[in-house]
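Visitor: fold the following.
(one chain, ligands or ions: 3)
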Amino acid sequence: MKRMAILALLLALLAVAVTAGLAAAQGGTWETKAPMPTARHGAAGGVINGKLYVAGGHDGTQYLATLEVYDPATNTWASLSPMLTAQHSVGGGVINGKLYVVGGIGAGNQKLATLEVYDPATNTWTTKAPMPTARSGAGVVAIDGKLYVVGGCVGWCAPTTAVLEVYDPATDTWTTKASMPTARGVADVAVVDGLLYVMGGCCGWTVPQSEQMSKTIEVYNPTTNTWTTKTQHLVGAGDTAGSINEKIYVAKFADSEVYDPATDTWASLSPMPTARYYAAGGVINGKLYVAGGYYETHNLATLEAFTPEVTEITVTIDIKPGSFPNSINPRSKGRIPVAILTTDPFDATTVDPTTVLFGPTGTEAAPVQSALEDVDGDGDTDMILHFNTQDTGIVCGVTSASLTGETFAGQAIRGSDSINTAGCK
Ligand SMILES: [Ca+2]
Ligand SMILES: [Ca+2]
Ligand SMILES: [Ca+2]
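Guide: Ligands and ions are numbered 1, 2, ... in the order given. From the prediction side, this is the model:
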């Protein structure tokens with residue numbers, strides 16, 4: 001098969017490149033968990049309420065409709081209602097506690113445009129409006145309550161597409177957005193700060209084309225409907241990616257890696273214990289779970305989880321809560337209120353206020369007062385701190401300030417927000 005030949009060549013190229021750059025195990029630890037009931041690859045993964053849902057795929061014999069769920073609290077799997085359509089090379093995203101599964105290859109090796117939604121509350125699947133472009137191996141993520149489906153394979157492997165289509169559950173409609181600069185399928189996708197990162201992928205008609213795809217990193221901004229290009233880096237294809245603490249962790253065949261969007265740089269991580277492609281994945285409580293996959297003709301049931309060694313957690317702060325721009329008069333004798341907000345991944349009440357410092361670099365002023373209250377009125381408790389303006393070292397022209405500190409458990413935190421100095425003439 002043409003697809004397998006291209007893939008084999010691509011993988012051979014990657015193996016050479018990867019071996020040359022092999023680094024010592026680092027950056028976190030891998031654990032092996034209970035295997036999935038059904039060995040398979042090309043399934044969609046999604047995390048709902050701290051559990052990993054894995055839907056569809058291929059077991060080596062047939063396309064699957066299988067849905068299974070993993071609960072990290074008990075290290076157990078359960079089988080749930082199957083999808084309405086058996087399909088492989090599908091993608092998944094979670095919106096409002098429901099798993100959206102789209103695209104893939106189905107009966108008769110047909111490329112599918114099918115969109116199905118699973119509701120854990122009722123253990124049922126429903127069919128929604130199909131996407132405009134039938135394809136498999138698309139990158140699928142949810143951003144701000146919408147499902148983004150980018151790239152994929154419209155032929156057996158090549159040709160690939162660059163199309164970006166967005167589904168809005170509120171209206172059950174699809175919109176076509178700006179195409180990705182580089183067409184490709186089975187890329188690694190992740191979301192950081194509301195931006196869609198598409199990294200690597202395959203497959204071209206020629207090895208040079210495939211190689212180019214495997215090292216291309218492009219970023220989509222939903223607000224501006226524009227793409228930007230990052231520094232090329234050999235990512236590969238069919239890896240499992242997930243964002244933790246504003247970095248993207250890529251569980252790879254031989255060496256796993258972490259990408260820091262803030263600096264556009266990569267670092268090596270401990271390799272995944274079981275080498276594989278086309279696994280399903282998801283991030284739960286700061287761990288990247290990788291389920292199933294494919295290696296040398298074997299379909300795998302393996303579940304492994306990576307816990308990054310986190311040196312500093314990024315937290316959300318709001319300088320002068322509720323107001324913007326955050327105008328500060330550096331000559332003021334008054335105080336600056338700063339809130340540390342509780343978010344899904346972070347509980348602000350765990351911060352030890354006696355460790356907190358605030359200023360242009362986050363090392364300047366200690367708070368003169370702190371309290372716990374629901375600062376942003378969203379129902380959870382945040383921390384509010386007050387700093388003497390004159391202690392902060394903020395001078396005219398400074399445009400941002402940072403807060404650093406530790407939790408009671410000793411975990412370092414850092415958050416930043418913009419400021420606008422006033423009264424400086
Ligand atoms: Ca503010
Ligand atoms: Ca909150
Ligand atoms: Ca709150």
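Visitor: gap between the two ends of stretch 331-344?
Guide: 37 Å (Cα to Cα, to the nearest Å).
Visitor: that stretch near ligand 2 at all?
Guide: Yes - counting by Cβ under 5 Å from the ion, ligand 2 is contacted by stretch 331-344 at residue 342. Every residue, glycine included, has its C-beta placed from N, CA and C.
Visitor: list the buried residues in that stretch.
Guide: Buried residues in stretch 331-344, counted by 16 or more other Cβ atoms under 10 Å: 335, 336, 337, 338, 339, 340, 341, 342.
Visitor: thought the fifth one was touching residue 378?
Guide: No - between residue 339 and residue 378 no contact is recorded; they are 11.6 Å apart, counting by Cβ atoms under 8 Å.
Visitor: toward the C-terminus, what is the element adjacent to the helix or strand of the chain with the lowest mean pLDDT?
Guide: Across the helices and strands of the chain, the lowest-confidence element by mean pLDDT, DSSP states H and E is helix 2-20, at a mean of 42. With elements assigned by DSSP states H and E, the helix or strand that comes after helix 2-20 is strand 28-33.
Visitor: downstream neighbour of that following strand in the secondary structure list?
Guide: Heading C-terminal from strand 28-33 (DSSP H and E), you reach strand 44-48.
Visitor: so where's the stretch 251-400 of the chain shaky on pLDDT?
Guide: Counting by pLDDT under 70, the stretch 251-400 of the chain contains low-confidence ranges at 254.
Visitor: how about a cut-off of 90?
Guide: 252-255, 270-271, 285-286, 297, 309-314, 323-324, 343-346 (pLDDT under 90).
Visitor: got the residues of it near ligand 1?
Guide: Counting by Cβ under 5 Å from the ion, the stretch 251-400 of the chain sits next to ligand 1 at 318, 320, 324, 326.
Visitor: how about a cut-off of 8 Å?
Guide: By Cβ under 8 Å from the ion, the residues of the stretch 251-400 of the chain that approach ligand 1 are 318, 319, 320, 321, 322, 323, 324, 325, 326.
Visitor: now those residues: which count as buried?
Guide: Buried among those (16+ other Cβ under 10 Å): 318, 319, 320, 321, 326.
Visitor: so what's the closest residue to the fourth one other than its chain neighbours up against?
Guide: For residue 321, ignoring the flanking residues on the chain, the nearest one in space by Cβ to Cβ, 6 or more residues apart in numbering is residue 339 at 4.3 Å. Contact analysis of residue 339 by Cβ atoms under 8 Å, 6 or more residues apart in numbering lists 317, 318, 321, 348, 375, 376, 382, 383, 384, 385.
Visitor: near ligand 3, from these?
Guide: Near ligand 3, by the rule Cβ under 8 Å from the ion, you find 348, 375, 376, 382 out of the contacts of residue 339.
Visitor: from those, which land in strands?
Guide: residue 382 (DSSP state E).
Visitor: state the pair within the ones next to ligand 3 among the contacts of residue 339 that is farthest apart.
Guide: 348 and 376 (10.4 Å; Cβ to Cβ).
Visitor: those two: who's more crowded?
Guide: In this view residue 348 and residue 376 are compared by other Cβ atoms under 10 Å, and residue 348 has more residues nearby, 23 against 15.
Visitor: wait, what's in contact with the more buried one?
Guide: Residue 348 neighbours (Cβ under 8 Å, 6+ apart): 315, 339, 340, 341, 342, 372, 381, 382, 383.
Visitor: same question, residue 79
Guide: Contacts of residue 79 by Cβ under 8 Å, 6+ apart are 37, 66, 67, 68.
Visitor: what's the closest of the contacts of residue 339 to ligand 1?
Guide: Taking Cβ to the ion as the measure, ligand 1 lies nearest residue 318 of these, at 4.7 Å.
Visitor: can you confirm that closest one is in a strand?
Guide: Yes - under DSSP: H, G, I helix; E, B strand; the rest coil, residue 318 sits within a strand.
Visitor: hmm, residue 336 and it touching each other?
Guide: No - checked against Cβ under 8 Å, the pair residue 318 and residue 336 is beyond contact range at 11.4 Å.
Visitor: before we move on, the earlier item: okay, the contacts of residue 339 in a markdown table with distance to residue 229 next?
Guide: Below are the contacts of residue 339 laid out as a markdown table (distance: Cβ to Cβ, whole Å):
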| residue | distance to residue 229 |
| --- | --- |
| 317 | 31 |
| 318 | 32 |
| 321 | 36 |
| 348 | 36 |
| 375 | 38 |
| 376 | 35 |
| 382 | 37 |
| 383 | 39 |
| 384 | 41 |
| 385 | 40 |
